[in-house]
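> model this:
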Amino acid sequence: MLEDTRSQSEPNDPSSPRLARLLGLKELLAIHIGVIIGSGIFIVPATIAGRVGSTGPMLLVWIVAGMLTLFGTLSLAELSSVLPQAGGPYVYLRESYGRVWGFLFAWNDFFINKAGSLAAIAVGYATFLAYFFPALAPENTWWQEELRVGGLSLHLAFGWNRIVAVAAIVIVTAVNVRGVKLGGAVMKVFTFAKVLALVGLVLAVFSSDDASWGNLRPFWPESWNRELTAAFGLALISALWAYDGWIDVTLVAGEAKDPSRNVPVALLLGTFLVMAIYLATNVAFTMAIPVVEMSGSSRIAADVASRVMGPMGAALVVIGILCSTFGAVNGMTLAGPRSIWAAGRDRVFAPALGRVHPKYRSPHVAIVTIGIWGSLLALSGSYDQLTAYVVFGSWFFYALTALGVLVMRRKLPEAPRPYRAWGYPWATLLFVVVAAWFLFNTLVENPTDAAVGITLLVAGLPFYALWTRRR
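Okay, here's the model as predicted:
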């Protein structure tokens, strides 16, 4: 079942076009960092501070979430070096457990995960744009209605906010249809802009007379009890959400130059850089606004900027958030369609999704399909419900993919491994244990969300039977 990776890329024949390997290490780093850093770091620190109540546990939450993400990327890095193909986890699951598991990942990734996240971040982009154009505020709707579907509540709304969100999706869809080189170039610009905004804010705090290291006190609580442990777990979920997107760069491995080297390097180096940026940002936020005050802020980054840079500070931070969210929308549109493209190419998904544009050498049908579905979710407002349901399925596949390292070492012990996972097998097993805890906690705390997530996942099996029978 293992395929020659060259069959997905160059050389190109106009009558049978293939993906082009045009993404270098810089573009891969931009995709990895740019998809992870969306809007979370500009908002989530206040939520985490409110849960744990002191600086030390708050920073520990970000360290633990970063290390768990790193353990996941260690496993993914080895798999990407063995199977440097477009589709990422779809390919790893297909080769480890069989085609049906790869299909279920692609189904979950397309139908729920990528399109729902694309819609949510696009609406977030339009919402932050309302700072400068108040008419774009979400509450300024022309029409809204609550629907009940199978016992579930759907909030539908329509207004300028949703139109701008869809316009953002349409723009990045058009960019990425025209080729991965253009999409990667756009990614580099907006990732640089968002990193520059965060680094600039951190430096402004460190050099400001209105910030103090004394605000980090009390650094540690007097005692650690069960309530704090529970709060730490809830805060960890918020931090993991801010780190999400760490698998996406593997989806474009089929379009990377020297993928067996560059994809693992982008995964590991990019994750370390994101961890460093997140920790520095949290320290800076605490120096400007003590933890006990931070929890009351709904837009912590803008409040910190206002305190250390004056009225213009908040506007500059909002511009940074706009760059961050738009870049994340572009990154998801660039990487997200590759899983359904690979599944379509294998004819376990709709075969049309496996087509490649004869001129631009992009998976244009898959890109447009996710753009249309994400736009419909943004217009309907139902992305909130879908992203709640996707958590269970996503973490199930994260754990299953990480275990694929153990499976592939048994199935292909002699396969070339330019990169071998550090800490194998303990880092991989620790990640799987935490993912299993996350799944169990979701089943206990949010059984409805877990049940709906499983139902949406299983709903893809009839389509799998249909498409594979047509093969």
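> which residues sit in contact with Asn330?
By C-beta atoms under 8 Å, 6 or more residues apart in numbering, the contact list for Asn330 reads Gly34, Val172, Val175, Asn176, Gly183, Val186, Met187, Phe190. Every residue, glycine included, has its C-beta placed from N, CA and C.
> Quick check, pLDDT for the residue nearest the centre of the chain.
Among the residues of the chain, the one closest to the centroid is Gly245, at 2.2 Å (C-alpha atoms, centre = their mean). Note on Gly245: pLDDT of 86.
> same check, this time on Tyr383
57.
> what about Pro84, helix or strand, and which?
Secondary structure from DSSP states H and E places Pro84 outside every helix and strand.
> so how far is Val91 from it?
9 Å (C-beta to C-beta, to the nearest Å).
> before we move on, what about Ala197?
35 Å.
> who has more neighbours, those two?
Val91 (32 against 23; other C-beta atoms under 10 Å).
> Might you report the residue contacts of the more buried one?
By C-beta under 8 Å, 6+ apart, the residues touching Val91 are Leu83, Gln85, Gly102, Ala342.
> ok, which stretches of the chain are strands?
All strands of the chain, identified by DSSP state E, fall at 141-149, 152-159.
> Let me see the mean pLDDT of the first one.
Confidence for strand 141-149, expressed as mean pLDDT, is 69.
> rewinding a little: right, and the residue nearest to the centre of the chain touches Gly40 too?
No. Contact criterion C-beta atoms under 8 Å: Gly245 and Gly40 do not qualify, at 9.6 Å.
> what bits of the stretch 201-350 of the chain have low per-residue confidence?
Where the stretch 201-350 of the chain drops to pLDDT under 70, the residues are 296, 298.
> repeat that with 90
201, 207-247, 253-254, 260, 288-321, 336, 350 (pLDDT under 90).
> and the closest residue to Val356 other than its chain neighbours, how many residues sit next to it?
Setting aside the residues directly before and after it, Val356 is nearest to Pro17 in space (C-beta to C-beta, 6 or more residues apart in numbering), at 4.3 Å. Other residues near Pro17 come to 17 when the count uses other C-beta under 10 Å.
> quick one: contacts for Pro17?
So Pro17 contacts Val356, His357, Pro358, Arg361 (C-beta under 8 Å, 6+ apart).
> For those residues, which ChimeraX command selects only the ones that are buried?
The ChimeraX selection below is limited to those of these classed as buried (16 or more other C-beta atoms under 10 Å):
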select :356,357,361
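> Go through the contacts of Pro17 and name the one nearest Thr428.
If you rank the contacts of Pro17 by distance to Thr428 using C-beta to C-beta, Val356 comes first, at 33.6 Å.
> Run through who's touching stretch 429-444.
Here stretch 429-444 has contacts from 68, 71-72, 75, 233, 237, 240, 391-392, 395-396, 398-399, 402-403, 449-450, using C-beta under 8 Å, 6+ apart.
> do the same with stretch 228-239
With C-beta under 8 Å, 6+ apart as the test, stretch 228-239 has contacts from 44, 47-48, 51-53, 57-58, 60-62, 64-66, 221, 438, 441.
> Stretch 118-135 now?
Here stretch 118-135 has contacts from 38-39, 136-138, 140, 160-162, 164-166, 168-169, 314-315, 318, 321-322, 325-326, 328-329, 332-333, 336, 370-371, 374-375, 377-378, 383-384, 387, using C-beta under 8 Å, 6+ apart.
> for it, which positions count as buried?
Those would be 118-131, for stretch 118-135 by 16+ other C-beta under 10 Å.
> quick one, helices of the stretch 51-200 of the chain?
Listed in chain order, the helices of the stretch 51-200 of the chain (DSSP state H, counting those that start in this stretch) span 55-82, 89-97, 99-108, 115-129, 160-177, 180-206.
> one step back: any of the contacts of stretch 118-135 buried? List them.
With burial judged by 16+ other C-beta under 10 Å, the buried subset of the contacts of stretch 118-135 is 38-39, 136-138, 160-162, 164-166, 168-169, 314, 318, 321-322, 325-326, 328-329, 332-333, 336, 370-371, 374-375, 377-378, 383, 387.
> Can you list the low-confidence ranges for the stretch 51-200 of the chain?
Residues of the stretch 51-200 of the chain that meet the criterion pLDDT under 90 lie in 51-56, 68, 74, 80-88, 108-121, 123-163, 197.
> Val318 reaches Asp303, doesn't it?
No. The criterion here is C-beta under 8 Å, and Val318 misses it with Asp303 at 11.7 Å.
> which residues are in contact with both of these two?
Listed as contacting both Val318 and Asp303 by C-beta under 8 Å, 6+ apart is no residue at all.
> State the phi and psi torsions of Leu22.
Main-chain torsions, Leu22, degrees, to the nearest 10: phi -120, psi 0.
> ok, it - contacts?
Gly179, Val180, Lys181, Gly184, Glu255, Lys257.
> do the same with Trp395
Residues in contact with Trp395 (C-beta under 8 Å, 6+ apart) are Ala435, Phe438, Leu439, Thr442.
> out of the residues you listed, who has the most neighbours?
Ala435 (24 neighbours).
> need the contact list for the spatially closest residue to it that is not a sequence neighbour.
Ranked by C-beta to C-beta, 6+ apart and with sequence neighbours excluded, the top spatial neighbour of Ala435 is Ala399, at 3.7 Å. Shown in contact with Ala399 (C-beta under 8 Å, 6+ apart): Phe431, Val432, Ala435, Ala436, Leu439.
> Save those residues as JSON lines, and put in pLDDT too.
Formatted as JSON lines, those follow (pLDDT from 0 to 100):
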{"residue": "Phe431", "pLDDT": "91"}
{"residue": "Val432", "pLDDT": "92"}
{"residue": "Ala435", "pLDDT": "85"}
{"residue": "Ala436", "pLDDT": "88"}
{"residue": "Leu439", "pLDDT": "81"}
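> on that earlier part again, what is the nearest of the buried residues of stretch 118-135 to Ala30?
Closest to Ala30, out of all of the buried residues of stretch 118-135 and judged by C-beta to C-beta, is Ile121, at 16.5 Å.
> From Ala204, how far out is Gly313?
As defined by C-beta to C-beta, Gly313 lies at a distance of 8 Å from Ala204.
> Identify the contacts common to those two.
Ala305.
> my guess is Met187 meets His32, correct?
No. Met187 is beyond contact range of His32, at 9.7 Å (criterion: C-beta under 8 Å).
> which residues are in contact with both of those two?
With C-beta under 8 Å, 6+ apart as the test, Met187 and His32 reach no residue in common.
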